[in-house]
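*Asks:* Here is my input, please return the structure:
(chains A, B and C)
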Amino acid sequence: MPTDTHSSLDRPTPAGVNLEQLNESQYAAVTTTDGPVLVIAGAGSGKTRTLVYRVAYLMDHGVAPENILLLTFTRKASQEMLWRAGRLLNDSCTRVVGGTFHGIANMLLRRYGSHLGFDSSFTIIDRADAEGIVNLLKSSLGVGGRGKQFPSKRIIINMISGAVNKSMPLEDLVYDQYNHLSEHLDDILHLQSHYLDFKRDHGLMDYDDLLTNWKRLLAEVPEARTAISSRFSHIMVDEYQDTNLVQADIIRLAAYTHDNVMAVGDDSQSIYSFRGADFFNIMRFPKIFPDTRIIKLEENYRSSQPILSLTNDIIRNATDKYTKTLFTRIEGDLKPRLFAAADERQEARFVTGKIRQLHENGIPLDEIAVLFRSGFHSFKLEMELAAGGMDFEKRGGLKLTESAHIKDVLSFLRILANPKDNMSWNRILLQLEKIGPKTAQKITTAIALSDDPFATLAGYPAGAAWKKGLAELTHLFVKLLDNDSPPVLFDIVMQYYEPLLQQIYADDYPKRKKDLEQLKGIIAGYESLQTFIDDTALDPPDTDAGLAPEDRRKLVLSTIHSAKGLEWEVVFVIGLAEGRFPHPSAEPGGQWEEERRLLYVAATRAKKRLYLCYPRDLMMPDRTFQRVGMSPFLRELRPDLYDRLENDRPSFEPSFSSAKILPVSGKRPAKVSLDDLAKGCAVTHPFFGDGVVKRLVKPRSVDVVFDKHGLKTLHLDYAKLKVIRK
DNA sequence: ATCGCCACCGTTTTT
DNA sequence: CGGTGGCGAT
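*Replies:* A predicted model of the protein is given here:
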């Protein structure tokens, strides 16, 4: 594919794009309509922005939006991107097809799946479902019961899925990466083959199946390949370092007529290799697509220089170096801070106190995040925040649809969409009195073998103890099969399920009931049951879905993995202690480097302020405290790149759990009111320093230009402003 | 043989 | 909190 011979600067510019903001490389990435482009760039360099601009550019040059396919990692990311593109180039870009690999795969398979011999009604299963199947099989095959260190269901699913994603026989993978488990190889292979059969027999499809079948569709069905390749004349991929081999093949095949692919990624941010992601995909890209234009972006548009210096130093020690040294023109001189707490509790208090302080100084809560390696590392902090009456949103923990009661209700609906879904049958039958794993399995096998599952259920020879329960269940399905509106179906299920709910979860029934109300709100927006079920499996709604935007402006607590691609003014990274970070099972060589990149990802989320915290003492499994040092990754850093915070004072911040504290807004009397201020007043602020009032805003805010930090909008209720001179 | 209840334990990361 | 193992009841 010929690249342009004349200077790219001769080309017309995309509508509404301010080219002052684009450096020459970005400009080159944006202004090409043909051929493959690979953008390799560091954190905060505006990779995603080049994609948005290119969408705008393409549409400006006559490419119809419905022919553009934007593949992103999460559905939120694609929505965000389309929204940004919409601001550049009116709203026609909403017709751009944006989504995740899995979402697009689902769409295509529902449409063309029959070419591969699929039943059109397959059910998408998530991780927890997959683990559930392994559990069922483990007991029914009698595998691993006696041997003590048989791998957990989670590890087995990781291995099975890893084999698919790396296009590698499971056997090789076990010898390669799980050698310590190789004594169980036969059992593992046994489980794998039954797992595959189970999914096939019951019309279930996991995340990996969606991708492999998409690939098969492209590779084996010429008419589908042609249809898809001409439908999407331009394909864009974000976060390319997180793609696996199957995804790389999909892109190659989907673009086989035109090669119009643009991929952006950063090898230093590859943190998903445990899931089969392979950042060598980036290196391979130019070989797969000859005549690729490679564009490197080295300017960072996110973080201040002190933060960038530290993050450069984190990655400096990496063994695989493809890394570029990033620079920034953003001003700021606040060095990252390293805080050594005595223990987790003190760490939590420090973070809570700092957040409160920052918020009082005018930083909105949704511009602050706390990041950590594993979900449970934030438990102490969550308690401390809750005790202090501070609201937060936790990401990367349990999703709404992963809780047992929600799964219960969804099972009924999933059966309606796919009567062969034996996972769901099993769930429902187990709820009945006197039916345990064995009985449930007998019934589900009978159902799986029959042509009419509902008739089989009705006619199943019931034992005396559970005859009544089975009859009620049969009756429920009679009613359900008469309807097809999702909200109505939901209500019918709830009539049946609510008594069960009270009985099964007697202790926290009200809380679970509230979750179900929320689910009801979500389902109300759907007209098709199938769409609803697909969405809940592919993109589980979080517990805050449906809240008004102003209520969502919360402090974020997140695992580092779930924070990928996001940014905040202030970032705290907690739990940076030996034994916590890197994860103890990571050994120098393999996983170790990925853990280092993980810390890099965490630190590069910060725009202005970065706090790195660790507890000196950690509670060990045997409930004793043990002195641990700081994370080895921190020890490697040049000490002049950060400021150390010592906690010589025993009670650094007051504990919010031991004292009654009023909510933030009511706690502090306003120091200054609008009446005391006027345009031109000189003021001082404990955090931003000296400045001059530029403008009075609405009821209780004021714009101040600070000497060192530029323009800030401060809320008088929170900010500790002092008037120096009127 | 199967079910239900109680007590105990440990927690990678996930589209 | 969720998974597991033991034990008594059916």
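*Asks:* Which residues of chain A lie near DNA strand C?
*Replies:* Near DNA strand C, the residues belonging to chain A are A:Ala128, A:Asn135, A:Ser152, A:Lys153, A:Leu398, A:Ser403, A:Ala404, A:Ala465, A:Asp507, A:Asp508 when assessed by C-beta under 7 Å from any atom of the strand. (Glycine included, C-beta is placed from N, CA and C.)
*Asks:* Indicate each strand paired with the longest strand seen in chain A and its parallel or antiparallel sense.
*Replies:* Here the longest strand in chain A is taken by residue count, with DSSP state E as the criterion, and it is strand A:606-619. Here strand A:606-619 is paired, per DSSP bridges, with strand A:337-343 (parallel), strand A:568-573 (parallel), strand A:625-627 (antiparallel).
*Asks:* quick one, which of those is nearest to A:Val96?
*Replies:* With C-beta to C-beta, the closest approach to A:Val96 among these belongs to strand A:568-573: 27.5 Å.
*Asks:* The helix or strand following the closest one and DNA strand B in contact?
*Replies:* Using DSSP states H and E, the helix or strand that follows strand A:568-573 towards the C-terminus is helix A:591-603. Yes. In terms of C-beta under 7 Å from any atom of the strand, part of helix A:591-603 sits within range of DNA strand B, namely A:Gln591.
*Asks:* Report all helices and strands that helix A:591-603 contacts.
*Replies:* On a contact count with 3 or more C-beta pairs under 8 Å, 6 or more residues apart in numbering; DSSP states H and E, helix A:591-603 meets helix A:305-316, strand A:568-573, helix A:632-635.
*Asks:* buried stuff in the second one?
*Replies:* Neighbour counts over strand A:568-573 (16 or more other C-beta atoms under 10 Å) mark A:Trp568, A:Val570, A:Val571, A:Phe572, A:Val573 as buried.
*Asks:* May I have the beta-bridge partners of the first one?
*Replies:* Applying DSSP bridges to A:Trp568 yields these beta-bridge partners: A:Ala606.
*Asks:* Make sure it is actually in contact with A:Arg605.
*Replies:* Yes. A:Trp568 is in contact with A:Arg605 according to C-beta atoms under 8 Å; the separation is 6.1 Å.
*Asks:* between the two, what contacts are shared?
*Replies:* Counting by C-beta atoms under 8 Å, 6 or more residues apart in numbering, the common neighbours of A:Trp568 and A:Arg605 are A:Ala369.
*Asks:* The stretch 251-400 of chain A: strands as residue ranges?
*Replies:* A:261-265, A:293-297, A:299-300, A:327-328, A:337-343, A:368-372, A:392-395 (DSSP state E, counting those that start in this stretch).
*Asks:* Format the ones you listed as TSV; extra columns: mean neighbour count and mean pLDDT.
*Replies:* TSV is the format used below for these (neighbours: other C-beta atoms under 10 Å; pLDDT from 0 to 100):
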stretch	mean neighbour count	mean pLDDT
strand A:261-265	26	94
strand A:293-297	18	89
strand A:299-300	20	87
strand A:327-328	16	84
strand A:337-343	19	89
strand A:368-372	26	94
strand A:392-395	20	82
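*Asks:* TSV for the ones you listed, including distance to A:Tyr207?
*Replies:* Conversion of these to TSV gives the following (distance: least, C-beta to C-beta, whole Å):
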stretch	distance to A:Tyr207
strand A:261-265	20
strand A:293-297	30
strand A:299-300	33
strand A:327-328	37
strand A:337-343	38
strand A:368-372	25
strand A:392-395	19
